[in-house]
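Chemist: Here you go, sequence then predicted model.
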Amino acid sequence: MTGDFECDLLILNAEVYDGTGAPPIMADVAVAGDRIAAIGAGLTLSAREVVKAAGLALAPGFIDVHTHDDLAAMRVETSLPKLSQGVTTVVTGNCGISLGPSPLTRRDTVVPPLDLIATAEEYRYPRFGDYLDALRQHAPGVNVVPLVGHTVLRARAVEDLTGPARAEEVEAMRQDLAEALDQGAAGLSTGLAYPPAKAATTSEVLTLVGEVATVGALWTTHMRDERTGVVSAVAETIDIARRSGARTLISHHKCCGEAAFGLSRTTLAMIEEARGEIRLDIDVYPYTASSTVLIESFARDSRRVTVSWSDPHPDMAGRDLDEIAAFWGIDPMAALDRLRPGGAIYHQMDDDDLERILSWPPSLVGSDGLPRDRRPHPRLWGAFPRVLGHYAREQALLPMAGAIAKMTGQTADVLDLPDRGRIAEGAFADLVLFDPETIRDAASFEDPVRPSIGVRAVYVNGRRAYDGETNEGSACGRLLARSG
């Protein structure tokens with residue numbers, strides 16, 4: 001500190017949610033540098049910036065446990081979808097897809113779904129550590145927790161992605177993974193539902209997850225099946241977690257297709273029982289539509305399919321598949337094939353399953369937003385305020401304090417992020433100031449690129465990163481690499 005100021009920021013008379021799930025308290029919060037210096041009523045400290053927060057709530061910055069922001073996080077100007085929701089930390093590299101190490105050592109093209117996050121030109125990092133170095137150099141707009149993707153490792157090592165890996169190919173993946181973990185990867189993600197990883201055997205996955213467990217890192221998984229086979233997919237996940245000893249997170253848990261509706265009763269019971277002996281968690285996004293690359297089986301199971309991007313036909317983004325097929329005078333599946341490579345939004349889940357998973361106390365919240373999509377799913381801009389506004393305040397599905405804990409303290413615990421996700425003296429000053437009476441998502445399927453309502457200010461590592469309308473233009477985030 002310089003001059004006569006005792007702190008850098010003083011937020012007065014806020015309704016403070018500390019991230020533990022406890023009821024809020026009325027308090028002042030002082031920040032010095034990048035840390036919370038004091039919490040209490042009637043603080044009389046002098047400060048460089050004083051914010052009068054009467055009528056507003058103050059929470060730890062939200063942690064988006066499931067993103068595809070590997071590239072977006074490297075640019076301050078592309079951090080607005082997250083900052084405008086109150087998100088201060090993102091986990092990248094999910095679903096087996098990460099920006100490093102480059103998957104192009106064996107192939108000239110980017111195999112789907114790796115094209116969800118980057119082009120061939122953007123996959124420019126030969127080693128995972130090169131990607132982390134680039135993040136450090138760019139100083140991201142939000143904090144970044146980086147995972148390395150199994151599908152990327154598979155594309156580098158496996159000659160025939162439609163079949164199981166040979167022993168020497170598994171060993172090559174293991175060596176790449178060990179190097180990435182040593183360089184700072186927070187863990188490994190798998191995307192076993194996608195064609196390039198679908199043929200991976202349980203043994204292959206277990207070998208790699210065992211490497212993760214050896215160093216105490218995290219395994220996250222887009223499971224092999226989220227449809228009628230979701231129960232067996234959960235069973236496989238539990239088996240691998242138990243045999244490896246790895247901390248495990250099931251990504252965007254859901255039950256897709258009408259034949260799978262209601263199976264969340266069974267899967268949650270299985271997960272609850274397994275949690276008695278292993279570290280097993282789940283995350284969920286607050287929508288009954290998913291979004292990924294164009295996949296025929298997904299389209300057949302959906303009530304409605306909307307194209308989110310198409311390289312050969314970019315003008316079709318935002319139009320429904322049935323409408324495109326009628327326009328071209330062909331079958332919808334033929335239209336889907338003509339649109340590739342591309343992506344879509346699939347309306348294929350049931351409200352009861354979503355609400356059951358979201359209200360389950362241990363579940364975490366992730367957006368699973370896709371920044372590269374020309375016409376993105378609204379979760380990219382609205383997931384976190386939607387939980388607070390629609391599900392907590394309007395539907396009373398869960399208490400506001402519990403909803404905030406799912407996005408902050410609980411997530412920090414699962415990620416083993418010390419001094420984040422809490423409003424406590426000495427914790428990092430990642431903070432979101434919002435109006436609890438008005439906060440809600442504004443992004444919709446019809447108009448998906450809209451900032452949420454009610455977020456007044458966001459601070460990342462003690463610095464104001466969002467003022468309620470725009471990001472502040474400064475890179476306030478940090479790389480939160482695994483340190484050992």
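Modeler: Perfect, I can see it now.
Chemist: CA only for contacts and neighbour counts going forward, please
Modeler: Will do.
Chemist: Show me where the stretch 101-250 of the chain has its strands.
Modeler: 143-149, 187-191, 218-222, 247-250 (DSSP state E, counting those that start in this stretch).
Chemist: Pipe these into CSV and attach mean neighbour count per row.
Modeler: As requested, the strands of the stretch 101-250 of the chain are exported to CSV (neighbours: other Cα atoms under 10 Å):
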stretch, mean neighbour count
strand 143-149, 28
strand 187-191, 29
strand 218-222, 25
strand 247-250, 24
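Chemist: Now render those as JSON lines, adding mean pLDDT and distance to Asp373.
Modeler: Below are the strands of the stretch 101-250 of the chain laid out as JSON lines (pLDDT from 0 to 100; distance: least, Cα to Cα, whole Å):
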{"stretch": "strand 143-149", "mean pLDDT": "98", "distance to Asp373": "20"}
{"stretch": "strand 187-191", "mean pLDDT": "99", "distance to Asp373": "19"}
{"stretch": "strand 218-222", "mean pLDDT": "98", "distance to Asp373": "20"}
{"stretch": "strand 247-250", "mean pLDDT": "98", "distance to Asp373": "24"}
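Chemist: Take these and lay them out in a markdown table including distance to Arg450.
Modeler: Compiled in a markdown table, the strands of the stretch 101-250 of the chain are given as follows (distance: least, Cα to Cα, whole Å):
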| stretch | distance to Arg450 |
| --- | --- |
| strand 143-149 | 22 |
| strand 187-191 | 29 |
| strand 218-222 | 28 |
| strand 247-250 | 29 |
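Chemist: Minimum distance to Gly55: which of those has it?
Modeler: Minimum separation from Gly55 across the strands of the stretch 101-250 of the chain (Cα to Cα) falls at strand 143-149, 28.0 Å.
Chemist: Tell me what angle that closest one forms with strand 218-222.
Modeler: 70 degrees (axes from the mean of the first three to the mean of the last three Cα atoms, to 10 degrees).
Chemist: Between strand 187-191 and strand 143-149, find me the angle.
Modeler: Using the same axes, to 10 degrees: strand 143-149 against strand 187-191 is 60 degrees.
Chemist: Show residues contacting strand 143-149.
Modeler: With contacts defined as Cα atoms under 8 Å, 6 or more residues apart in numbering, strand 143-149 is touched by 70, 73, 88-98, 100-101, 128, 177, 180, 184-190, 460, 476-481.
Chemist: List buried residues within the residues you listed.
Modeler: 70, 73, 88-98, 100-101, 128, 177, 180, 184-190, 460, 476-481 (16 or more other Cα atoms under 10 Å).
Chemist: Which of these fall in helices?
Modeler: Phe128, Leu177, Ala180 (DSSP state H).
Chemist: quick one: low-confidence parts of the stretch 351-484 of the chain?
Modeler: 472-473, 484 (pLDDT under 70).
Chemist: so Ile271 touches Ile278, yeah?
Modeler: No: using Cα atoms under 8 Å, Ile271 is not in contact with Ile278; the gap is 9.7 Å.
Chemist: and the residue positioned nearest the centre of the chain, how far is that from Ala269?
Modeler: Nearest to the geometric centre of the chain sits His66, at 1.6 Å (Cα atoms, centre = their mean). Distance, His66 to Ala269, using Cα to Cα, to the nearest Å: 23 Å.
Chemist: and if you look at His377?
Modeler: Taking Cα to Cα, one finds His377 at 30 Å from Ala269.
Chemist: my hunch is that Ala335 is in a strand, does that hold up?
Modeler: No: counting by DSSP: H, G, I helix; E, B strand; the rest coil, Ala335 is not part of a strand but helix.
Chemist: distance of the residue nearest to Arg372 when sequence neighbours are not counted from Met407?
Modeler: On the basis of Cα to Cα, 6 or more residues apart in numbering, the spatially nearest residue to Arg372 that is not a chain neighbour turns out to be Ile117, at 6.1 Å. As judged by Cα to Cα, Ile117 and Met407 stand 24 Å apart.
Chemist: now swap in Ala155 and tell me
Modeler: Distance from Ala155 to Met407, by Cα to Cα: 33 Å.
Chemist: neighbour count winner among the two?
Modeler: A side-by-side neighbour count of Ala155 and Met407, using other Cα atoms under 10 Å, places Met407 first with 27 against 23.
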